[in-house]
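# no FASTA, just this:
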């Protein structure tokens, strides 16, 4: 009787813990939102928050409709769950806990994709592919692993989702970012279109990014531990879930310190997540030694992944989602076949015949490793085919990418009518203690004639007074880089403008030579002197002055200059007493 009571109590306790774990996984949505927001630019913060909110909300709708039954419905040929609506037709006996638990995992898969495609994806398109992932792609492959499907039947092991969630989200992110293309200015090209330089886009708020990492790490104890069935197993999972990310972070810190001269903050934050992703599949079947090795590899793999995308694949991933989730999801899946040990509490990996399987490094041979590789290949193939089809259909129908103007101005303003996610705050970007007003300066086109009107306006915006001057006299104020002064002066002289007032001012910009690194990419920022040129014209059309100044200042970067145009009511030449038009004839 006593044993029955204790068993009942334990069952109830772990039933409650199961739901608490689900709540912790839901809380990870906040972590993803903070990481993605902090690692990207302020002008897109609201858009990213909205996407992370809608991941879960849209995911809930489609998971109710078809996703849950595809995942945990009656198995059909080992491939898919039988569609059904038990949540509506048999609510009294519905598996409420499993529904909530699998729902929050499903939302995580879609969230991963948003980071790699941030800052240039249409919000409508994002909603569509998020729904596709939550309704079809994730539930079907997760059924293979957790719903009694063919992978579960042969002994494939993924305890909490290195393969089913993180690798799937990471592969989707990789393909999406490739199809979408890089952000404007991420890669500098020569006249033949060959990429000659990778440009760093520093995240606008690393404290928020770090907060997101801590939230995710906290939530990961529920992510990995919620399905534990005993205190011993739960304790062991907590240990491995702590060791792997900690070791991964230390590894990345040391590696970036040696390679770049200074420990990279954002890369170390990514490393913590990489270690967590890698330990997710083997968290219940590995020991401390295995967790350490898994963490070391994850820490190196995340740095390699960021470098690989930037310098070899030329794919723009603003937050490192592919390096963290795709590469380390694959590594975590394979690691089960290497480090699974039956000394772990509650160990239960067995093949279709019930024969216990252990990892290669623990005397189990290659069988479990082979099963893990098979599962990785099958799920990767399924994800690659389905998400590619989804992205291509979206691209040719509603479109996948925002316009050039929307990207340059920012998705907060253009997609959501939000002036700023930081209303009431003054935002400036800081790098190494020195201001850098614009972390994304390269517009991807250095030739003024070839540049679009949107790029010209972004590089040298013009602020004009709308009314026509009663006197026909205008004052043009030009803020420019000092190294463009001679070109500007010559352009003005060629127009016939010979009188100019020039003032030295200070501004922020980019300058070669500092050699600082951000995520393995050179990022040189300093406070630079600029000039303010003031001219007053009447006979020469002001439109010609503006066009000549824009042409002279344009280098293909945001911050090339700015032009202000004012009406002039009165001009008096002190030496002669001449006024208005007559006073300007010796300077035009």
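Great, that's in hand. This structure is a prediction, so every number in the text was calculated from the model and none was measured.
# strands of the stretch 1-150 of the chain, start to end?
75-76, 80-81 (DSSP state E, counting those that start in this stretch).
# which of the ones you listed sits most buried?
strand 80-81 (a mean of 22; mean count of other C-beta atoms under 10 Å). Yep, even glycine has a C-beta here, placed from its N, CA and C like the rest.
# okay, now the sheet partners of that strand, with direction.
strand 75-76 (antiparallel) (DSSP bridges).
# pLDDT on the partner strand, on average?
Mean per-residue pLDDT for strand 75-76: 92.
# so where's the stretch 401-550 of the chain uncertain?
424-441, 465-470, 506-517, 522-529 (pLDDT under 70).
# go with 50
428-439, 510-514, 526-527 (pLDDT under 50).
# can I assume residue 555 is in contact with residue 446?
Yes. Contact criterion C-beta atoms under 8 Å: residue 555 and residue 446 qualify, at 5.9 Å.
# distance to residue 237 added to the strands of the stretch 1-150 of the chain, as JSON lines?
Below are those laid out as JSON lines (distance: least, C-beta to C-beta, whole Å):
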{"stretch": "strand 75-76", "distance to residue 237": "27"}
{"stretch": "strand 80-81", "distance to residue 237": "27"}
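# closest one to residue 253 among those?
strand 80-81 (43.6 Å; C-beta to C-beta).
# show the average pLDDT along that closest one.
Mean predicted confidence for strand 80-81 is 94.
# that one: how far from the chain's middle?
Distance of strand 80-81 from its chain centroid, counting by C-alpha atoms, centre = their mean, to the nearest Å, is 32 Å.
# sorry, back to before: can you say which of the strands of the stretch 1-150 of the chain is nearest to residue 496?
strand 80-81 (76.1 Å).
# hmm, who's touching the closest one?
69-75, 139-140, 143, 147, 149 (C-beta atoms under 8 Å, 6 or more residues apart in numbering).
# what about 10 Å?
Residues outside strand 80-81 that contact it (C-beta atoms under 10 Å, 6 or more residues apart in numbering) are 66-75, 136, 139-144, 147-149.
# those in helices, which ones?
If you go by DSSP state H, those have 68-72, 139-144 in helices.
# distance to residue 225, neighbour count and pLDDT added to those residues, as a markdown table?
Listed next are the ones in helices among the contacts of strand 80-81 as a markdown table, based on distance: C-beta to C-beta, whole Å; neighbours: other C-beta atoms under 10 Å; pLDDT from 0 to 100:
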| residue | distance to residue 225 | neighbour count | pLDDT |
| --- | --- | --- | --- |
| 68 | 22 | 25 | 93 |
| 69 | 27 | 22 | 94 |
| 70 | 26 | 24 | 94 |
| 71 | 21 | 28 | 94 |
| 72 | 20 | 22 | 91 |
| 139 | 23 | 26 | 96 |
| 140 | 26 | 21 | 96 |
| 141 | 23 | 31 | 97 |
| 142 | 19 | 28 | 96 |
| 143 | 23 | 26 | 96 |
| 144 | 23 | 27 | 97 |
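# which of the residues you listed sits closest to residue 208?
residue 142 (30.6 Å).
# any idea how far residue 157 is from that closest one?
14 Å (C-beta to C-beta, to the nearest Å).
# ok, residue 81 next?
Residue 81 is 20 Å from residue 157, by C-beta to C-beta.
# and for residue 412?
43 Å.
# picking up where we left off before, need the residues touching each of residue 142 and residue 157.
Shared contacts of residue 142 and residue 157, counting by C-beta under 10 Å, 6+ apart, come down to 151, 163.
# re the thing from before, overlap of the contact sets of residue 555 and residue 446?
residue 459.
# still on that earlier bit, quick one: closest of the strands of the stretch 1-150 of the chain to residue 174.
Per C-beta to C-beta, nearest to residue 174 of these: strand 80-81, 24.9 Å.
# how would you label the closest residue to residue 197 other than its chain neighbours: helix, strand or coil?
Leaving aside its chain neighbours, residue 197 sits nearest to residue 188 (4.0 Å; criterion: C-beta to C-beta, 6 or more residues apart in numbering). Following DSSP: H, G, I helix; E, B strand; the rest coil, the label given to residue 188 is strand.
# thinking residue 188 is in contact with residue 199, fair?
Yes. The pair residue 188 and residue 199 passes the contact test of C-beta atoms under 10 Å, sitting 6.3 Å apart.
# who's more crowded, those two?
residue 199 (22 against 15; other C-beta atoms under 10 Å).
# okay, that one and residue 44: tell me how far apart.
17 Å.
# again, but for residue 336
From residue 336 over to residue 44 (counting by C-beta to C-beta), the distance is 37 Å.
# more neighbours: which of these two?
Under the criterion of other C-beta under 10 Å, the comparison of residue 336 against residue 44 puts residue 336 first, with 30 against 27.
# which residues touch that one?
156-159, 162-163, 281-286, 290, 294, 349, 357, 359, 368-369, 371-372, 375.
# now the buried members of those residues.
Neighbour-count burial (16 or more other C-beta atoms under 10 Å) is assigned, among the contacts of residue 336, to 156-159, 162-163, 281-286, 290, 294, 349, 357, 359, 368-369, 371-372, 375.
# what's the following helix or strand after the strand or helix carrying residue 294?
Here residue 294, judged by DSSP states H and E, is contained in helix 288-307. Going down the chain from helix 288-307, the next helix or strand is helix 321, by DSSP H and E.
# which helix or strand lies directly C-terminal to that next one?
helix 328-339.
# report the angle between that following helix and helix 288-307.
Going by axes from the mean of the first three to the mean of the last three C-alpha atoms, to 10 degrees, helix 328-339 is angled at 150 degrees with respect to helix 288-307.
# show me how far whichever helix or strand comes after helix 328-339 is from its chain's centre.
Sequence-wise, the next helix or strand downstream of helix 328-339 (DSSP H and E) is helix 367-397. Chain-centre distance of helix 367-397: 21 Å, with C-alpha atoms, centre = their mean.
# now do stretch 404-412
16 Å.
# use 29 as the first number for this chain going forward.
All set: I'll call the first residue 29, so the last point we hit is now stretch 432-440.
# hmm, residue 86 is touching residue 142, no?
No. Between residue 86 and residue 142 there is no contact under C-beta under 10 Å: 11.8 Å.
# the more surrounded of these two?
Neighbours per residue (other C-beta under 10 Å) separate residue 86 from residue 142, with residue 142 holding more: 26 against 21.
# the more buried one contacts residue 208, correct?
No. Using C-beta under 10 Å, residue 142 is not in contact with residue 208, being 11.7 Å away.
# identify the contacts common to the two.
With C-beta under 10 Å, 6+ apart, residue 142 and residue 208 have common neighbours residue 149.
# residue 60: how many residues sit nearby?
26.
# Provide a list of residues in contact with the closest residue to it other than its chain neighbours.
Nearest non-adjacent residue to residue 60, counting by C-beta to C-beta, 6+ apart: residue 139, 4.6 Å away. Taking C-beta under 10 Å, 6+ apart, we find residue 139 in contact with 56-57, 59-61, 63-64, 79-80, 83-84, 87, 158, 161, 193, 197, 349, 353.
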